[in-house]
Structure formats: C-alpha cells, structure tokens
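Visitor: Structure, please.
(4 chains)
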2 protein chains.
Amino acid sequence: MTNASLSAVLRLLRVQAAIETRFSAGLGSVHGLGLTELLLLMNLDRAPLRRMRRVDLAAALAMSQSSVTRMVLPLEKIGLVARETDQRDARVGYVVLTDTGRERVTEAVATLDQMSEALFVDRWTGDEVQTLADLLGRLSSPLPGALA
Amino acid sequence: MTNASLSAVLRLLRVQAAIETRFSAGLGSVHGLGLTELLLLMNLDRAPLRRMRRVDLAAALAMSQSSVTRMVLPLEKIGLVARETDQRDARVGYVVLTDTGRERVTEAVATLDQMSEALFVDRWTGDEVQTLADLLGRLSSPLPGALA
DNA sequence: TCGGCATACTTGCAAACGGAAGCATGTCGG
DNA sequence: CCGACATGCTTCCGTTTGCAAGTATGCCGA
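Guide: This next block holds a predicted model:
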C-alpha cells in the first residue's frame, strides 16, 4: 500500500534467492555447471567472436573481477573456454568460448529455459510474463553492461 | 522475442546482483547493517511478538538454517536481537527483536525505502512500479514463506 | 513404555565472493 | 623521452554461505 518501490525491491530479492537455489541445483546436477558459470558462458556466446575481456564480463555479471578470474579457471581446465591475448594491448586477456563450450551452453540454456517457463506455468498469461520481462529490462538498462 | 520467461529470469538475476551490491554498500556505511541482516530484522519486526523461530526465518529469507544461526550471533552481541526459549518445546530457540533493534530497523528501512525509490525515479510511473510489485508478488507467493 | 523417526538447532568443512594490494602494461603531459 | 597516472588482471585474506554430520528434544505407533 504505502510504498510500491520498497515492496517491489523486497519481493525481487526474495524471488531471486529462491530462483538461485532452485536453478543452481537443477543445472548442477544435469550439466555440472553453476548458475553464475552458465551466465558467464551465455555472455560469451552472444559476444562478437564469442570472446570478452574479464573486466567486461565482471560488469555484465555485476560481480568483481577477482571472481571472474577464479570462475574462469575451472572452466578453462575442462575446456569450455580458452585464454586469448590481445596483440595491441598485452594487459587484456580475452576469455573465449570453445566449440565444446558452445555445445554445453546450448544444452544448459535449454534446461534453464524449461526451468524458467516452469516458474510461470499456471496462473500466468503470456502478456503478463512479457510485461514482467519488459519492466525488469527497464530496471536493468540504466545499470552498466546488460545481457538480455 | 523467443522466450519471455527466460528473458525475465535473466533480467531479474542481473537486477538483483546490482541492487544487492548497491544497497549493501549504502546500508553498511550508514547503519552498519548488511542487506540480509536488515531483511532478517524486518521479518522479526512484523512477526507476532516480534519473534521467530530460526527455521521460519530461514524459510522467509530463502537461506539455510546454518546461515541464520551464524548471522544472528553478531546481531545478538550488539543487542539488536535476543535469544528466547520455548517453554513447551526445548528445541526451538526464538530470535526476538529488542527495542534497540526496532529503532535500528526503523532507521535502516527508511534508508532502504529511499534507495528503492531512487531506482524508479525518472522514466517510471506509479502504476508501472505497482505493476512490477504485483507481478513479483505473484512470483514469490507460490514459494515458501514470504515477507512483503 | 520405548524404540524409531521427525524436528530444531549447531558446528565442521569446503566453495564462492568482494576488497585491497600487487604486478604488468599502456597513455599522456611536460 | 620519462615520470605520473590509468587500466587489466591476479593473488591474498577475511566474510558469507550451503551442505552434511552431530546433538538435543519431541512425537508416535507397536
């Protein structure tokens, strides 16, 4: 009643916590990927040349650079991403999605897709889901580096 | 275009990450409270007798019981909450909001309120914010234990 | 009544994270 | 040219978190 802004924020925080728990469990058991790892790979997949600098990845994921550095290590070891240097600037280290990585992303995104739709089955119309997506998009756009 | 559900989830995850970073910093510097700590105290504040069992707190916050146990310890040391036992069931340990705690919650919620509204200033109408709150509410209601 | 199961909480351990410091590299003004 | 600052990444350290095991207590059917 009093404050819709506060209410929206509180609900958003709560929904996210529940989604993260559920989705991480689902993705981990099926594809051996954490939710944040998948988000990272998804960002790479839609980037030009399927590669990104670590700084930009951090911004796109709204996380710290150090986390990106650490998260990439295991992904590199299992061959989903590779390291690439920039000829012009020796400071930057690109993270590139490998072909194997692309396959895994495609598979995992399918699962993510199904889990997402499962959240809205029953009691939701297509328009309502679309409205929610639009509103959240407007909320995220003023923030740095977005994904979808 | 293709899948509004997936898009909504992706955007929600991103918005939450940004909000958590920003709000935690704001709350921490002003009130010395983390965002999750404040959410815990807010739940207590609106509970009957301003007290809750740890299990219910965990469910309401969508986090594990062990996290609640540990998060309560510092809050107890600085006197914002107190420990209370149940006469009928020696297993349960209530977490009670103290008077000091109530004051801190009131102050911190005011800050949280301002930060929430700041997210929507410019480019948002009151109806749009309300719609977002409603949709998120429907998304969180099927999940266990909600707050606002 | 009592043995087994469920519930509430705590603790040990490992994983994930952010911030600050450190290092290498690039840029720019004098 | 070069000193000072900026940028990109990595590493160290402390914090937060979940899971699983452990403990204590309550419940219930044979």
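Visitor: Next, the buried residues of the longest helix belonging to chain A.
Guide: The helix spanning the most residues in chain A, taking DSSP state H as the definition, is helix A:4-31. Buried residues in helix A:4-31, counted by 16 or more other Cβ atoms under 10 Å in any protein chain shown: A:4-20, A:22-24, A:26-27, A:31. Placement of C-beta: from N, CA and C, glycine included.
Visitor: now do stretch A:56-72
Guide: Residues of stretch A:56-72 classed as buried by neighbour count (16+ other Cβ under 10 Å): A:56-63, A:68, A:71-72.
Visitor: circling back to that earlier point, which ones among the buried residues of helix A:4-31 also lie next to chain B?
Guide: A:4-20, A:23 (Cβ under 8 Å from any Cβ of the partner chain).
Visitor: which ones among these come in contact with DNA strand C?
Guide: Filtering those for proximity to DNA strand C (criterion: Cβ under 7 Å from any atom of the strand) leaves nothing.
Visitor: ok so, going back, which pair in the buried residues of stretch A:56-72 spans the largest distance?
Guide: Within those, A:Ala62 and A:Val72 form the most distant pair, 16.5 Å apart (Cβ to Cβ).
Visitor: nearest spatial neighbour of the spatially most central residue of chain A, skipping sequence neighbours?
Guide: Central residue of chain A (Cα atoms, centre = their mean): A:Leu39, 2.3 Å from the mean position. Distances taken as Cβ to Cβ, 6 or more residues apart in numbering or on different chains put A:Leu61 closest to A:Leu39, at 6.0 Å, once the chain neighbours are dropped.
Visitor: Pull the contacting residues for that neighbour.
Guide: Shown in contact with A:Leu61 (Cβ atoms under 8 Å, 6 or more residues apart in numbering or on different chains): A:36, A:39-40, A:43, A:68, B:14, B:17.
Visitor: and with 10 Å instead?
Guide: A:36, A:39-40, A:42-43, A:67-68, A:71, A:145, A:147, B:13-14, B:17 (Cβ atoms under 10 Å, 6 or more residues apart in numbering or on different chains).
Visitor: Pipe these into CSV and attach secondary structure and pLDDT per row.
Guide: Formatted as CSV, the contacts of A:Leu61 follow (DSSP: H, G, I helix; E, B strand; the rest coil; pLDDT from 0 to 100):
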residue, secondary structure, pLDDT
A:Thr36, helix, 96
A:Leu39, helix, 97
A:Leu40, helix, 97
A:Met42, helix, 97
A:Asn43, helix, 97
A:Ser67, helix, 97
A:Val68, helix, 97
A:Met71, helix, 97
A:Gly145, coil, 47
A:Leu147, coil, 42
B:Leu13, helix, 95
B:Arg14, helix, 93
B:Ala17, helix, 93
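Visitor: and of those residues, the nearest to A:Arg123?
Guide: Using Cβ to Cβ, those come closest to A:Arg123 at B:Leu13, 21.7 Å.
Visitor: residues contacting that closest one?
Guide: A:15-16, A:19-20, A:23, A:35-36, A:39, A:61-62, A:136, A:140, A:147.
Visitor: hang on, isn't A:Arg102 packed against A:Leu44?
Guide: Yes. Using Cβ atoms under 10 Å, A:Arg102 is in contact with A:Leu44, at 9.0 Å.
Visitor: more neighbours, those two?
Guide: Legend: neighbour count by other Cβ atoms under 10 Å in any protein chain shown for A:Arg102 and A:Leu44, higher for A:Leu44 (25 against 15).
Visitor: Which element, helix or strand, includes that one?
Guide: With elements taken from DSSP states H and E, the one containing A:Leu44 is helix A:35-45.
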